[in-house]
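J.: Provided below for reference: sequence and predicted model.
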Amino acid sequence: MGSILEVRDLRVAYGPRGRGAFRALDGVSFCLESEEVLGVLGESGSGKSTLATSILGLFRANTIVATGAVLFEGSDLLQAKPDELQRIRGKRISLIFQEPSMALHPTMRVGRQVQQVLAAHGMKGRSALNQKTREVLETVFMEETERIARSYPHQLSGGQRQRVLIAQAIACGPSLVIADEPTASLDPTTQMEILGVFRALRKRLGLGMIFITHNPALLAGMADRLLVLYAGRVAELGPAEEVLASPKHPYTRSLLESIPPLLDGPRDGNKKKLPSIPGDSRPSSLPGAGCPFEPRCPERMDICKTRDPQLVNVSQSHTVSCFRYENQ
Amino acid sequence: MKVSDNDKDMQPLVRVENLMKSYANRKITGQCEEVRAVDGVSFTIFPGATLAVVGESGSGKSTLALCLACLEKPTSGNIQFEGADISKLAEKERRTIRRKIQLIFQDPASSFNPRWSVLEIVAEPLALQGSLSRDEIRLRALALLEQVGLSPEMERRLPAELSGGQRQRLAIARALALEPSVLILDEALSALDCSTQAQIANLLVDLQSARDMTYLFISHDLAMAAHLADEIAVMNHGRIVEQGPPDKILKQPQTEITRELLAAVPRMTFARPEAQ
Amino acid sequence: MRYLLRRFGHAVFLLVGVSLLAFTFTTLAPGNYFDEMRLNPQIAPETIAALRTQYELDRPLPIRYAHWVSSVLHGDMGFSFAYNSPVLPLLWVRARNTLLLTITAMLLAWGIALPLGIWSAEHLGRLPDRLLSLGTAALMVIPDLALALGFLVIAVKSGRFPTGGMVSLHFESLAFPGKLGDLFLHMALPITALVLSVLPLLLRHVRAALAEVLDAPFLLAAEGHGISRRTLLYRYALPAAANPLISLFGFSIGTLLSGSLLVEVVMSWPGLGPFLLEAILARDLYVVIGGVLLSTLFLIGGNFLADLLLYWADPRIRTEASV
């Protein structure tokens, strides 16, 4: 097993040049082994969606800087020419967007939308295309494949639309699927169902996956490793079980604590408060220097205000960007 | 069927009896099909308590919220608020009730005028009351902003410059300006990040103890509902299929739908049955 | 089906309304076709009176209207005083020419506006797009009449283009390709004038509609699936932006038609324009009404076509309409 994707010091900034620029990704590095699932955890504004699109070289119109390297199958996707990227997108690496109702063409039958992906990657012949489209849809739908293929997105439920997106993503047999909040807009039971689809496919197709979400609980039992993103930087990266069971970065720890436990004991009259992280991570609330989490951190020290923490190893495969763990 | 039994002679603030709301759905063939969004729902909420209504989308919980907020007229049944039936009022009287029962949605952004500042948004309902001077309005609006945790330097910002959590705080501040006795929170936390959800949930708890607010918390998140509510009602196909204190619902779910909702709460367990 | 019937009902209602109004207004207008005859001393007042009776100009309005309606149902659409023949065949010959002009102009205008607008939306805000916007803005402020006159001047000065008519005198002697070439030469300037009169409007709408769609997440998603730029623009973005454009299509038919009447008059194209003008000046009552009615019919037809297109293009409207 070698690594299939290596992201090195990825930096992406938006908006006006100079001081007004918003650094969505500020030096992110990680590796992905083949058939590995990397969970990316981050709140809105952490750069997690930018990470998803940047890997495929899909930059917003107002992107001003994109540096670093995205190494995939021996080439740097950041330096790739448009037609090279086009051949990789959807075929070798595919992307699943968060809002299934927005990510599908509103006036095209969903079967055709799957077919378009196949056709874009060189599949020819009407009957071959139809055949393959049906096969792909059958991998994500138990029944009624025909009816669904003929439907328009607005005639399907949220869960069905999400399955169509998954079908598009796996149609050409990619080795890496990036899913950006694939269940955020779904009902809890549908969410579980879709997570089940991801697990089954991953096992069956041997996919490498980057699973991006704001909800750490979704990653338990899903991800092999976990990358915690805060303000465009890696706060913590390590084996999923280790990070979820004993989070090291103060941000990860507070985040995990802020989720209401399902079975807390009987309550005495007073309602308990959840341990929450004060403040927010909007660009305007971030400090000009030092650790980006410092203003909200319950364990801040003097050094955090002035110096940037570097990633340090707390165990062989677990790194944290926090001064608490330096000199250990 | 009541929430909070600490005081036997306390009057319920809201009493809903056999509420029914149906819509006509015309089909291609021209015949009408009756869709019952809410199908015979009864419950009571006591002052200062929280009733959570959980269910899948399409279970009728949002329609219930609209009926209660006097934004939809129920087909039958009645809603008593402060002892009077509000389900059959004329439009003018409904308007005065609406001030008392405020509704907060999942995404408040669309309900703000994008050109108004935070302060103007909160000041508007105060100004509409007509009895306050400009200075009084400003002072009250600032006090409300402080109460929901928006700092004074936010007052000039536009809604677009706020984070999701801050927008939800603003929506709550605007609702509070009318001094309502009931807040209906329709999936008010669902679109927020986990850490922000916790912040807003804490704000709701604070407001409840400070102002003795009564909440109807509508959500599909059973864990958050259990955290916030004194009593949970599980809705399915327009009916309440199960109702009880959170402990009971979580530990001894009686119906399949509750068990499903319970199973759908993602848990941080590390058993990985399907891996490898 | 029910929707079609309802649309048809609307169309009939509209036609009846327009014909009533046209009838009333033309009657209320001072003078009639025979007034000029009265000035001619060689025609006896009795003859004029007889003609007036023959053409029922002395009968009350409702009765004339009723007679006219029955004549419409018989396929005559009344009687032209000047041509001494039923109106419909007269109108039809001219309408054909007008349609030839407007339909060609419309196809050409859309054929230019779509790719150019898409291209412009794709390069939104860059120099070529800005230059194009400037150009369309300039074209928009030039009135149609000035445009038509300008082209007439070009025709006269250059001598390469005919200054009027639809075919040359020796048209009949030409072989088929020659005929086509001759027709094309005659059409070139009126059509250019027409195309230029609607193009800026179309271009701006196509550009705006596309620019909005190009930001949509589903296009980013499609791009992420490796779908080619061309497919993305023409198969994904264009159909998604189609709704406002199809409505505009219906509207553009009306604009082109009214523009065409003007251009025809200026450039002496033997269509409805000069014919109607002549009829109005001569107070050839039924010709005027017929012309108005025919134009209305074209407009309704165009909008109906747009509705059908919309119905075909957007599945969401289909479900709405069937509910």
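T.: Cool, got the structure. These numbers were taken from a predicted model, which means no experiment stands behind them. Residues are numbered from 1 along each chain as shown, chains lettered A, B, ... in the order given.
J.: For stretch A:244-256, buried residues please.
T.: Going by neighbour count (16 or more other C-beta atoms under 10 Å in any protein chain shown), the buried part of stretch A:244-256 is A:244, A:247-256. C-beta: built from backbone N, CA, C; applies to glycine.
J.: Sort out which residues of stretch C:132-147 are buried, please.
T.: For stretch C:132-147, by 16+ other C-beta under 10 Å, it's C:132-133, C:136, C:139, C:144, C:147.
J.: for the buried residues of stretch A:244-256, which one is nearest residue A:37?
T.: Comparing the buried residues of stretch A:244-256 against residue A:37 with C-beta to C-beta places residue A:244 closest, at 13.6 Å.
J.: how close does the closest one sit to chain C?
T.: Distance, residue A:244 to chain C, using C-beta to the nearest C-beta, to the nearest Å: 29 Å.
J.: so that residue, which of the three states?
T.: Using DSSP: H, G, I helix; E, B strand; the rest coil, the structure places residue A:244 in helix.
J.: What distance do you get for it to residue B:88?
T.: 53 Å (C-beta to C-beta, to the nearest Å).
J.: Mind checking what secondary structure residue A:71 has?
T.: strand.
J.: For the nearest residue to it once chain neighbours are set aside, give me phi and psi.
T.: Take residue A:71 and drop its neighbours on the chain: the residue closest to it by C-beta to C-beta, 6 or more residues apart in numbering or on different chains is residue A:6, 4.3 Å away. Note on residue A:6: backbone dihedrals following degrees, to the nearest 10 are phi -130, psi 120.
J.: Does residue A:6 touch residue A:33 like I think?
T.: No. Between residue A:6 and residue A:33 there is no contact under C-beta atoms under 8 Å: 10.3 Å.
J.: what's near enough to touch residue A:250?
T.: A:293, A:297-299, A:322, A:324 (C-beta atoms under 8 Å, 6 or more residues apart in numbering or on different chains).
J.: picking up where we left off before, tell me which of the buried residues of stretch C:132-147 fall in helices.
T.: C:132-133, C:136, C:139, C:144, C:147 (DSSP state H).
J.: So which of the residues you listed is the closest to chain A?
T.: residue C:133 (17.8 Å; C-beta to the nearest C-beta).
J.: Kindly export stretch C:95-110 (C-alpha atoms) in CSV.
T.: Written as CSV, here are the backbone C-alpha positions of stretch C:95-110 (Å, rounded to 0.1, in the frame of the first residue of the first chain):
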residue,chain,number,x,y,z
ALA,C,95,-47.9,38.3,-44.5
ARG,C,96,-45.8,35.7,-46.2
ASN,C,97,-43.2,38.2,-47.1
THR,C,98,-43.2,39.7,-43.7
LEU,C,99,-42.9,36.3,-42.1
LEU,C,100,-40.0,35.5,-44.4
LEU,C,101,-38.3,38.6,-43.2
THR,C,102,-39.0,38.2,-39.5
ILE,C,103,-38.4,34.5,-39.1
THR,C,104,-35.1,34.7,-40.9
ALA,C,105,-34.1,37.7,-38.8
MET,C,106,-35.2,35.9,-35.7
LEU,C,107,-33.2,32.8,-36.4
LEU,C,108,-30.2,34.8,-37.3
ALA,C,109,-30.5,37.1,-34.2
TRP,C,110,-30.8,34.1,-31.9
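J.: Residue C:287: which element?
T.: helix C:285-313 (DSSP states H and E).
J.: Tell me which other helices or strands that helix touches.
T.: helix C:2-28, strand C:79-80, helix C:87-122, helix C:242-266, helix C:272-282, helix C:315-322 (3 or more C-beta pairs under 8 Å, 6 or more residues apart in numbering or on different chains; DSSP states H and E).
J.: got the angle between it and helix C:87-122?
T.: 40 degrees (axes from the mean of the first three to the mean of the last three C-alpha atoms, to 10 degrees).
J.: Mean confidence (pLDDT) on helix C:285-313, please.
T.: Here helix C:285-313 scores 84 as its mean pLDDT.
J.: so how far is it from its chain's centroid?
T.: Here helix C:285-313 is found 9 Å from its chain centre; the criterion is C-alpha atoms, centre = their mean, to the nearest Å.
J.: can you give me the angle it makes with helix C:242-266?
T.: Going by the same axes, to 10 degrees, helix C:285-313 makes 160 degrees with helix C:242-266.
J.: Going by neighbour count, which residues of helix C:285-313 are buried?
T.: C:285-296, C:298-300, C:302-304, C:306-307, C:309-311, C:313.
J.: Pull the contacting residues for residue B:163.
T.: Counting by C-beta under 8 Å, 6+ apart, residue B:163 touches A:44-45, A:280, A:282, B:196.
J.: how about a cut-off of 6 Å?
T.: Neighbouring residues of residue B:163 by C-beta atoms under 6 Å, 6 or more residues apart in numbering or on different chains: A:280, A:282.
J.: For it, give me phi and psi.
T.: Residue torsions, per degrees, to the nearest 10, at residue B:163 are phi -80, psi 170.
J.: and what of residue A:29?
T.: Per degrees, to the nearest 10, the backbone of residue A:29 is at phi -130, psi 140.
J.: Residue A:64 too?
T.: Torsion angles, degrees, to the nearest 10, at residue A:64: phi -110, psi -30.
J.: That one contacts residue A:15, doesn't it?
T.: No. Judged on C-beta atoms under 6 Å, residue A:64 makes no contact with residue A:15 at a distance of 7.0 Å.
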